[in-house]
Every structure is written in structure tokens, then in C-alpha cells.
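S.K.: task: produce atomic coordinates for the following.
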Amino acid sequence: MKHEALTEAISMLDDELIAEAQEPFRKRRIAPAIRLSAAAAACAAAVGAFLLIPRGSGADILIMGEDPTGSPVAIRTENNEEIGVIRAFALEYTDIPVSVVTSEKTTVSVSGGELYITGEGEEKVPAASPLELDGNASLVWSVPLWDAGAELELTARTGADCRVFMLSFDESAQEWTIRENTPHADNDQ
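M.R.: Take a look at the predicted model:
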């Protein structure tokens, strides 16, 4: 655009438009009642969300580093299956690592085998069953796997929440597995 055309375009502007452009921009004022109502609604929504969001109750349990809630966890006795067979015939116990993650007091008990708490350097310290925990813990469940008909349980009780894990031999897969067998609370009618 040439200089003359620009000058002509500017000079053709209406004086009212120029005066309005020179005035400071006016802020729109929100009524205090609307502002207060919006703040109250936001607080109510936050409190309602806090109360309605389901919180994790109980302890999170990992067996051999896996969560057995969705699908069973296979128990591997050794890297070599032949060693596992020899161990079974030698009547030795198999150690199953169990991680308990909780922020509440949790009681862990087993129906068979022995519980150990693992400390620094993977040292196993014998623990009583039931074992009371005040927080997170790394445990070892030492179990005999020579009787394919045996079914052993590990139970973790946190407050009113109770989780039960069943160790049994899976005939179809031909391996020992742990699956969650927690009874679901029925509605009282």
C-alpha cells in the first residue's frame, strides 16, 4: 500500500471511533453475589468429589511382583523345571515373595507354611501367623508344594476389608498358582 493511500484511509476514520479508541478499557464488574455463589459451588463440588470418589480400602498385595486379582499368578520354583521337580520330591519348601502395601494396620495369616519378614540384604526373619503389620512390608511365604491336592490360604485383613489368596495346583496348566479368592460381601436384606 502506498503512503498516500494509507494517509487517506486514516483520515477517513470517523472522529467518534478515534475518541472511543483513546478511552481506557472499562472492566466489566461481576456482582459480589455471583462471585460468592461461584466460590460456594466450587467448594461444594470439591467436597462432594472427595466424599464420592472410592478410596482404596485394605492392603495392596503383590505375589512374586504381580497382582493376582485379575488372573492367577504361576509359582515358579526355580529357573529350571527339573530342579523344581527334584525339590518337590525332596520335600523342601518353596519361598514365595509377598509384598504388602498399606497405610493402615494389617494382619496377615497363612493356613499352611511359614511366614518370614525379609530385611536388609534379603535376610529372612521368622514371623508369627497371624502377623500384625503397621505399614508396608516384604514377606516370604515358605510353603510345601509336594502335595498336589493341598490348598493353602494367605489372608490379609485391614480394618473391615479382608482379602484371601488361594495357593493350589492347577491341573490344566500343570503348575502351582495363586489366585484371589476373596468372598464378596452380599447386601443384607
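S.K.: now the helices for this protein?
M.R.: 3-11, 15-22, 32-52, 81-89 (DSSP state H).
S.K.: out of the ones you listed, which is closest to Lys105?
M.R.: With CB to CB as the measure, helix 32-52 is the member of the helices of the chain nearest Lys105 (23.4 Å). C-beta coordinates here come from the backbone N, C-alpha and C atoms, glycine included.
S.K.: next one: the closest one to chain centre, how far?
M.R.: Remark: helix 32-52 is offset 29 Å from the chain centroid, using CA atoms, centre = their mean, to the nearest Å.
S.K.: any idea what the most centrally placed residue in the chain is bridged to?
M.R.: The centre of the chain sits closest to Asp60, judged by CA atoms, centre = their mean, with a distance of 6.5 Å. On the basis of DSSP bridges, Asp60 is bridged to Val101.
S.K.: sorry, back to before: just say which of the helices of the chain is most tucked in.
M.R.: Ranked by mean neighbour count, these are led by helix 81-89 with a mean of 13 (mean count of other CB atoms under 10 Å).
S.K.: so which helix or strand of the protein has the lowest pLDDT on average?
M.R.: helix 81-89 (a mean of 47; mean pLDDT, DSSP states H and E).
S.K.: before we move on, the earlier item: residues contacting the residue nearest to the centre of the chain?
M.R.: Going by CB atoms under 8 Å, 6 or more residues apart in numbering, Asp60 touches Asp67, Val100, Val101, Thr102.
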